[in-house]
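Participant: Just the structure for this:
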Amino acid sequence: MKPSNRQLLVLLALYGALLLLPVGLTPLIETTEARYGEIAREMLVSGNWLEPQLNGIKHFHKPPLAYWLVATGMKLFGQNDFGARFCGVLASVVAVFFLYRMARLVLQDERKAFYAALIFATSWLFLAVTRLASTEIYLVCFTVLAQYVLFRQLYAQRSWQNALLYGLFLGLGFLTKGPIIILFTLLPYLIAKLVDREHRQVFTRAEIQLGTIAFALLALPWYLIVISKNPGLLNYFLKVQTVDRVVTDRFHRYEPPWYFFVVFAGTFLPYLLFFLKGLRYHQIMPRRLKILLIYVAAPLLVFTLAKGKHASYIVPFYGVASLWAAEAYARLAMPWLRRAVLGMLSLLVLAPVVAAFIVHPLASGWQVCSVVAALPLAWVVWQAFRERHTQRLLIWTATSLLMAGCMGYVLFGQATHNRRGYEQLTSRLNALDPDRQLPVLVYRKSLPSISFYRGTLAVMALGKEREVQFEQNDEYRAAYVASHEELQDFLARNTRLFVVAEPEEMVGMDVGPVSACEEVFTHRKVTAFLCRQGPSLSALSESNAQWLGE
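Facilitator: Reported below is the predicted structural model:
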């Protein structure tokens, strides 16, 4: 059973709403989300949208489009968790819609296209990145859009507009994460030309020129501007952020060669069973889909050979993988695989309940909520069991995964809030100092979420070494303390301040003129202290104690 176009839009609206509902409940995750959120916040505050800055220092690890989109969400909904994630959820809905349209072109069947969209929308890794304030979901969206117009040129009506849009979407992807989008689009397209007649001469020479111009006009101006303003940046982009990420472990992301195969296997379940069954009987699969496997194999091979690895790198090819899994599901009889899927869904019912009881930071109230929430999930799994002999099994499977994913996100958010999120800590500092008069010194750590939730730059002292080669003056030193001498000078100038550090680090901290510190908030790993010159805080006058908010 497939929905009409109107029904599909309604389903996508509900899907987007379900993704959006809990995003404000989970604090930004250190360090990735907090980094993107803080860079976007600094763009909004400074008005400098060309040169991304993280805690007052230029940060050219990624192109700016993801930061712009995060900042746009915060401009619309405020500088908070919801605003930082809003555009990412919107991009995920757009990606699912155009994946459906792409599947309709390739599979030439509305029902199979709907299955492909369901598989894509509810695959674990895609669900994980839909609500992350980072580059991944935007890269996925632009990859799907680029692939859609390419396949429209291949399998539907040919037009110069497809070439124009192809160049534009590649440009947007390039502005999101640099040349990595080529691995999911141009590279497999060029490889497919060697073995597939349909891939040859897809675009005319004039269309190729048009697409190239569109790409260059959209993707290159930002690079040219910032390179002209920052000597040495071209080498930084080419060597450090491109070559070194591939051939060295400079960014400490080395994983063994089989890493991405495990990631794909674990995050594409249970749909991986259909995918593998299709590979097992590849001889009866349509030739178009066999060629499309190149769009999975090419980036997978490149990432496998690369030194630097991260689980989210491969999520842009999950769209094409979903097409293959949908075709295999609709074409092949697989009774034992259906039973295996039901077994996995049964485990899903227990997973949130077990997690609520074994994850220490979750309070008893959340344990009760988990048990109650597991009841509708159990009902959905029961419906899947009843439909185990029909094609509607996939619909109930997707519904189960979506429900479990949303429950997991809420539980993860609660655990993060209590264990690793710094929103609570910063809220305490803001309550004690609502006018943001006192500086916050983060000692031997880099915690951009403190700056994000504080709404002003926290000072990072003796933590992670920052790249300051593109700074043209010393203004960045106001929020970056790189030596013990600079720390002593900072403390001499700020004799009343908040310090965020691990308690054992505070014992050995040379606080100079600051002689009295008292805890104001205890976190899982760090503690916030109010420090000042003079006697112990316990001996402060009543007025000072009132100032402390106690």
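
Participant: mind checking how far stretch 317-324 is from the chain centre?
Facilitator: In this view, stretch 317-324 has its centroid 19 Å away from the chain centroid, taken as C-alpha atoms, centre = their mean, to the nearest Å.

Participant: Over to stretch 74-84?
Facilitator: For stretch 74-84, the distance to the chain centre is 16 Å (C-alpha atoms, centre = their mean).

Participant: try stretch 154-168
Facilitator: Its chain's C-alpha centre and that of stretch 154-168 lie 29 Å apart, by C-alpha atoms, centre = their mean.

Participant: same thing with stretch 83-99?
Facilitator: Relative to its parent chain, stretch 83-99 has a centroid offset of 12 Å by C-alpha atoms, centre = their mean.

Participant: How is this protein divided into domains?
Facilitator: Listed by automatic domain parsing, the domain ranges of the chain are 5-332, 333-417, 423-547.

Participant: and the ones you listed, which is most packed in?
Facilitator: With neighbours defined by mean count of other C-beta atoms under 10 Å, none of these is more surrounded on average than domain 5-332, at a mean of 19. Placement of C-beta: from N, CA and C, glycine included.

Participant: what distance separates the start and the end of it?
Facilitator: Criterion C-alpha to C-alpha, to the nearest Å; first-to-last residue distance in domain 5-332 is 26 Å.

Participant: so where's the stretch 351-500 of the chain shaky on pLDDT?
Facilitator: In the predicted model, the stretch 351-500 of the chain carries pLDDT under 70 at residues 352-353, 355-370, 412-421.

Participant: same thing but 90
Facilitator: Scanning the stretch 351-500 of the chain for pLDDT under 90 picks out the ranges 351-392, 400, 402-424, 445-446, 463-465, 472, 484-485, 488-489, 491-495.

Participant: can you pull out the helices in it?
Facilitator: In the stretch 351-500 of the chain, the segments counted as helices under DSSP state H, counting those that start in this stretch are 364-386, 393-419, 423-432, 448-454, 484-493.

Participant: now Leu457, nearest residue through space, not along the chain?
Facilitator: Ala479 (4.3 Å; C-beta to C-beta, 6 or more residues apart in numbering).

Participant: what's the answer for Gly16, then?
Facilitator: Val93 (4.2 Å).

Participant: rewinding a little: closest to Pro316 out of the helices of the stretch 351-500 of the chain?
Facilitator: helix 393-419 (19.0 Å; C-beta to C-beta).

Participant: That closest one: how far from the chain's middle?
Facilitator: 16 Å.

Participant: what is the orientation angle of that helix with helix 423-432?
Facilitator: Going by axes from the mean of the first three to the mean of the last three C-alpha atoms, to 10 degrees, helix 393-419 is angled at 40 degrees with respect to helix 423-432.

Participant: where among the domains of the chain is the average confidence lowest?
Facilitator: Mean pLDDT is lowest for domain 333-417 out of these, coming in at a mean of 77.

Participant: Can you tell me how far the closest residue to Leu429 other than its chain neighbours is from Arg428?
Facilitator: Setting aside the residues directly before and after it, Leu429 is nearest to Phe498 in space (C-beta to C-beta, 6+ apart), at 5.4 Å. According to C-beta to C-beta, to the nearest Å, Phe498 stands 9 Å off from Arg428.

Participant: okay, and the common contacts of the two?
Facilitator: Counting by C-beta atoms under 8 Å, 6 or more residues apart in numbering, the residues touching both Phe498 and Arg428 are 520, 528.

Participant: from memory Gln147 sits against Gly319, does it?
Facilitator: Yes. Under the criterion of C-beta atoms under 8 Å, Gln147 makes contact with Gly319 at 6.9 Å.

Participant: what touches both of these two?
Facilitator: With contacts taken as C-beta under 8 Å, 6+ apart, Gln147 and Gly319 have Met102 as neighbours in common.

Participant: wait, what's in contact with the residue nearest to Leu457?
Facilitator: Ala479 touches 55-57, 457-460, counting by C-beta under 8 Å, 6+ apart.

Participant: which residues touch the residue lying closest to Tyr254 once chain neighbours are set aside?
Facilitator: Nearest in space to Tyr254, with sequence neighbours left out and distances taken as C-beta to C-beta, 6+ apart, is Lys307 at 5.5 Å. Neighbouring residues of Lys307 by C-beta under 8 Å, 6+ apart: 245-249, 253-254.

Participant: In a markdown table, list those along with distance to Leu217 and secondary structure.
Facilitator: Output for those, formatted as a markdown table (distance: C-beta to C-beta, whole Å; DSSP: H, G, I helix; E, B strand; the rest coil):
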| residue | distance to Leu217 | secondary structure |
| --- | --- | --- |
| Arg245 | 27 | helix |
| Val246 | 27 | helix |
| Val247 | 31 | helix |
| Thr248 | 33 | coil |
| Asp249 | 36 | coil |
| Arg253 | 33 | coil |
| Tyr254 | 37 | strand |
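
Participant: can you tell me which two in these are farthest apart?
Facilitator: Val247 and Arg253 (12.5 Å).

Participant: Next one: the residue nearest to Arg101 when sequence neighbours are not counted from Ile180, what distance?
Facilitator: Nearest residue to Arg101 in three dimensions, chain neighbours excluded: Tyr148, at 5.9 Å (C-beta to C-beta, 6+ apart). Distance from Tyr148 to Ile180, counting by C-beta to C-beta: 19 Å.
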